[in-house]
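> any chance you can model this:
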Amino acid sequence: MTSELDPVTSIEPNRDNIVRRPIVVIPVYNASNESIACLESVLRHTPADVRVLIIDDHGQDREFFEHLDKKRSSLRHRVDVHRPESNGGFLGSCNLAFDLTAPHDVILVNSDVIVGPQWYERIVDAGNASSDVATVSVFTNNGTILSLPHRNWPSPDIVGGWSVDEAAERIARVAEKSRPVIPTAVGHCFLVKRAAINLVGGFDPVFGTGYGEEVDFSQRCIRMGLRHIVADDVFVFHKGSSSFTADARPQQIAHEAIVNERYPWYASSVQRAASDSYSALATAINRASLQLRTPSIAFDGHCFASSWAGTQQMTFELIRSVARNRPDQDFTVVFSAHASNDLITKVTEQPNVRAEIVPNIMEDFAFRFDLIVRPHQVNSTEELRWMKRIANRTIVAQLDFISFSNPTYFESDHSWLSQRELTKLVHATVDGVAWISEYARSDAHRNGVRRHAANDCVIYCGTDSEISSEPPKKPVGLPAINTPIMTVLGVGYNHKNRVFALRVLEELLRRNTPCHLVLSGQQPRFGSSVSVEQSILDLNSVLRDHVTYLPGVSDAERAWLYAESDLIFYPTVSEGFGLVPFEAARVGTPTLSTRMGSLDEVLPSVIPTIDAFDVPATATIVERILSEPDLASRLVRELCDRGDHFTWDRTGSLMVGLMDRVLLGPRNNIDSVWAEAPVAAVIHSPDYVARIRASDKRAARYRRVTSLSIGRMMVGPIGSRRRRIAKALYRRLGR
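Residues are numbered from 1 along each chain as shown. Predicted coordinates for the structure are as follows:
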């Protein structure tokens, strides 16, 4: 180590070296404790063959230099100290360093900065990423647009209680090294390329002792076609000061005026960099910040109202399994005001799950989550807008495309088209999609709904849900049956193919095979097969005597049907997943199913299934299952073994992986409001507008009737004494 450095010869590089390593420069002015900590971190985490230059800026506090002299003999690095003739301020120290270190690149490090492991190698690697790089800045806790964990919110400490080394290593581990472009170097710690210094010169002396000099330098570089980037795998601690004191505020204002006059684009470019949530910088900051803090994650629980059906059960199981898979993460379930206290208590039974009540999503504008998960499909543009308003990223689950592809399930062609456009809109604007089968994901691509699958994941469903928390109960309306029971479960949509079940039953009866068919499930308003079923039964009284309808059953009654049926018949044409065979097998009941839709993907390959909707062949399989206990047992065993593969814990683990990828990945840059334009064009068609106007008229009529009722309540009914007095008083006041 030398105490004084000759500006010409002492740091002259070896001309035989092909690679010139950047030199670390630390300007020091008083603040010895911070300066000592800075130098110690640099020496600890910088390769030994890297030179360090200290600029002694004539501070009165000499403790730092005394400390350096004591350590002189033990240093592995070449540490040079240069003391200029007078105090030139930070700007003067930097310009002096530029001259002393030529022709090397320079890394300027504030004396109140502490660096972490491999900081030097990483910042140098970033500087070599492109030939047009002028400067390389780094992330910090206290550095304006590069502050972590919250952009534009400098913090005096590292949030989360991490040490500098821990924070630096965590951030480097997840960095994509995307090297985001920024509008200016951020001056706490940055590399300056020698080519930039040679091209535009050093810092402009007009900025005196400081403030604005790196901005001016950066804009001169931009004007010449160079760029400034961030080493998104580097984090340093920056203590910072109270910025400029009140006495220095006039100087700050004057220097800002110089910058704004010289570079009228600068202020707006910084504003864009600070606010753009879709940029490469935003993505890099988001990835890094989540290593210092725990993300805020919500589930949309608006499906939990008064009823409990398949959607509610799946949402409940998914929330519970995700919470179990990530016990150190807190989750929020957002409920509507219609959810009962008992239901909220059930859904939030996990210790890391809490509830939040939102009375009206149309009035909820508070941005508060990093991620919101909708465990089922979106029903309206209002729901989509709400999720995009309150969370930075959004995941939705897509169960199937049955209604997307079938116009008979809607009141009108317009309603069907609106639903299709909404589905396209959702998939175009969300950040991730969870599918319950590979078939559903493939169906999306076949329908042109989702073409980019970077943050898609097939999570499947768990088959280990509890069918009912109550003991099985025989359904009301089910007569005593002395023959084998074959049950079809599910809402009576056309694709459930209950007509085929009637045809198979008819074939069984023709063969004198005793059997009774139970058709259990609600009848939908549109797309129901019940009219066709009734026409078949009207023509065949014998068949009608062997069929029982159960329009709706409770969970306990459904559990009874699973357990007491001799066979569950599942002739569905399309399914997103297909839980019925697995639920039946868990209580020991065999299922004869198709392999349509996702069923070919999830069912065991060795079990007998319905093939090509061949009635005689299917009837033969039914006869065998009902008459051969070994076949029925094997079918149940195979389904149970296959069902063990589909657990809710596995589903939760897959969903957690998807959530992590979405949280760390770039935000979807298709804005939902912009993307709604074509949807609005479809939805706001003439018949839609006509219905809206009719609804408005009904609302206006209701308001008039309500006002009249209030008036009558206040002044009394027609002919009453109170009304006559009020009328006389009104006339007198009128005169």
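> contact partners of stretch 52-68?
1, 5, 11, 23-33, 35-36, 39, 42-43, 46, 77-84, 86-90, 92-93, 96-97, 100-101 (C-beta atoms under 8 Å, 6 or more residues apart in numbering). Placement of C-beta: from N, CA and C, glycine included.
> where are the low-confidence patches of the stretch 201-350 of the chain?
241-248, 306 (pLDDT under 70).
> if we can go back for a sec, buried members of the contacts of stretch 52-68 into ChimeraX, please.
Typed into ChimeraX, the line below selects the buried ones among the contacts of stretch 52-68, using 16 or more other C-beta atoms under 10 Å:
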select :5,11,23,24,25,26,27,28,29,30,31,32,35,36,39,42,43,46,77,78,79,80,81,82,88,89,90,92,93,96,97,100,101
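> so which of the contacts of stretch 52-68 belong to helices?
32-33, 35-36, 39, 42-43, 89-90, 92-93, 96-97, 100-101 (DSSP state H).
> okay, and the beta partners of the nearest residue to residue 182 once chain neighbours are set aside?
Residue nearest to residue 182 in three dimensions, not counting chain neighbours: residue 228, with 5.2 Å by C-beta to C-beta, 6 or more residues apart in numbering. Beta-bridge pairing for residue 228 (DSSP bridges): residue 135, residue 182.
> what's the burial count for residue 228?
Neighbour count for residue 228, taken as other C-beta atoms under 10 Å: 24.
> can I get the CA coordinates of stretch 172-187 in CSV?
The C-alpha coordinates for stretch 172-187 follow below in CSV (Å, rounded to 0.1, in the frame of the first residue of the first chain):
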residue,chain,number,x,y,z
ALA,A,172,-28.4,-13.1,-7.0
ARG,A,173,-29.9,-16.6,-6.7
VAL,A,174,-33.1,-15.6,-8.5
ALA,A,175,-31.8,-12.9,-10.8
GLU,A,176,-32.5,-13.4,-14.5
LYS,A,177,-29.6,-11.1,-15.5
SER,A,178,-31.9,-9.3,-17.8
ARG,A,179,-29.8,-6.1,-17.3
PRO,A,180,-32.8,-3.6,-17.4
VAL,A,181,-32.2,-0.3,-19.1
ILE,A,182,-32.6,2.8,-16.9
PRO,A,183,-32.6,6.5,-17.7
THR,A,184,-29.7,7.4,-15.5
ALA,A,185,-26.9,5.9,-13.4
VAL,A,186,-27.8,5.8,-9.7
GLY,A,187,-24.8,7.1,-7.8
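> quick one: buried residues of that stretch?
172, 175, 178-187.
> likewise for stretch 620-639?
Residues of stretch 620-639 classed as buried by neighbour count (16+ other C-beta under 10 Å): 620-623, 625-626, 631-632, 634-636, 638-639.
> closest to residue 217 among those residues?
residue 639 (70.4 Å; C-beta to C-beta).
> name the element the nearest residue to that closest one once chain neighbours are set aside belongs to?
With sequence-adjacent residues excluded and distances taken as C-beta to C-beta, 6+ apart, residue 639 is closest to residue 585, at 3.6 Å. Assigned by DSSP states H and E, residue 585 falls within helix 580-586.
> kindly report the same for residue 339.
With DSSP H and E as the criterion, residue 339 is inside neither a helix nor a strand.
> correct me, but it touches residue 304?
Yes - with contact defined as C-beta atoms under 8 Å, residue 339 reaches residue 304; the gap is 4.9 Å.
> comparing these two, which shows the higher neighbour count?
Ranked by neighbour count (other C-beta under 10 Å), residue 339 and residue 304 place residue 304 first, with 25 against 20.
> now do the SS call for the more buried one.
coil (DSSP: H, G, I helix; E, B strand; the rest coil).
> list the contacts of it.
312, 315-316, 333, 335-336, 339, 343-344, 347 are the contacts of residue 304 under C-beta under 8 Å, 6+ apart.
> for the residue lying closest to residue 664 once chain neighbours are set aside, phi and psi?
Closest residue to residue 664 apart from its sequence neighbours, by C-beta to C-beta, 6+ apart: residue 287 at 4.9 Å. For residue 287, the backbone dihedrals (degrees, to the nearest 10) come out as phi -60, psi -40.
> in the strand or helix carrying residue 254, what's buried?
Residue 254 is part of helix 249-262, with elements assigned from DSSP H and E. Using 16+ other C-beta under 10 Å as the test for burial, helix 249-262 gives 251, 255, 259, 262.
> and those residues, which is closest to residue 647?
residue 259 (60.2 Å).
> contacts only, for residue 507.
Residues near residue 507 by C-beta under 8 Å, 6+ apart: 615-616, 618-619.
> buried ones among these?
The neighbour count (16+ other C-beta under 10 Å) marks 618-619 as buried among the contacts of residue 507.
> from the contacts of residue 507, which land in helices?
Mapping those onto helices (DSSP H) picks out 615-616, 618-619.
> widest-spaced pair of those residues?
Taking C-beta to C-beta, no two of the ones in helices among the contacts of residue 507 sit farther apart than 616 and 618, at 7.3 Å.
> for the closest residue to residue 276 other than its chain neighbours, phi and psi?
Among residues not flanking residue 276 along the chain, residue 282 sits closest, at 5.9 Å (C-beta to C-beta, 6+ apart). Main-chain dihedrals, residue 282, degrees, to the nearest 10: phi -60, psi -40.
> that older thread, any of the contacts of residue 304 buried? List them.
312, 315-316, 333, 335-336, 339, 343-344, 347.
> quick one: the helices in the stretch 251-400 of the chain?
Ranges of helices in the stretch 251-400 of the chain, per DSSP state H, counting those that start in this stretch, are 266-275, 280-289, 310-325, 341-347, 381-390.
> ok, residue 324 to residue 649 distance?
Look at residue 324 and residue 649: by C-beta to C-beta, to the nearest Å, they are 7 Å apart.
> about what we covered before: the buried ones among the contacts of residue 304: which two are farthest apart?
Farthest apart among the buried ones among the contacts of residue 304 by C-beta to C-beta are 316 and 336. That separation is 15.3 Å.
> in terms of contact, does the residue nearest to residue 664 touch residue 175 like I think?
Yes - the criterion here is C-beta under 8 Å, and residue 287 meets it with residue 175 at 6.8 Å.
> now do the shared contacts for these two.
residue 232.
> what sits against the residue lying closest to residue 326 once chain neighbours are set aside?
Nearest non-adjacent residue to residue 326, counting by C-beta to C-beta, 6+ apart: residue 656, 5.5 Å away. Contacts for residue 656 (C-beta under 8 Å, 6+ apart) come out as 322, 325-326.
> now do 10 Å
Counting by C-beta atoms under 10 Å, 6 or more residues apart in numbering, residue 656 makes contact with 297, 321-326, 329, 459.
> appreciated, that's everything.
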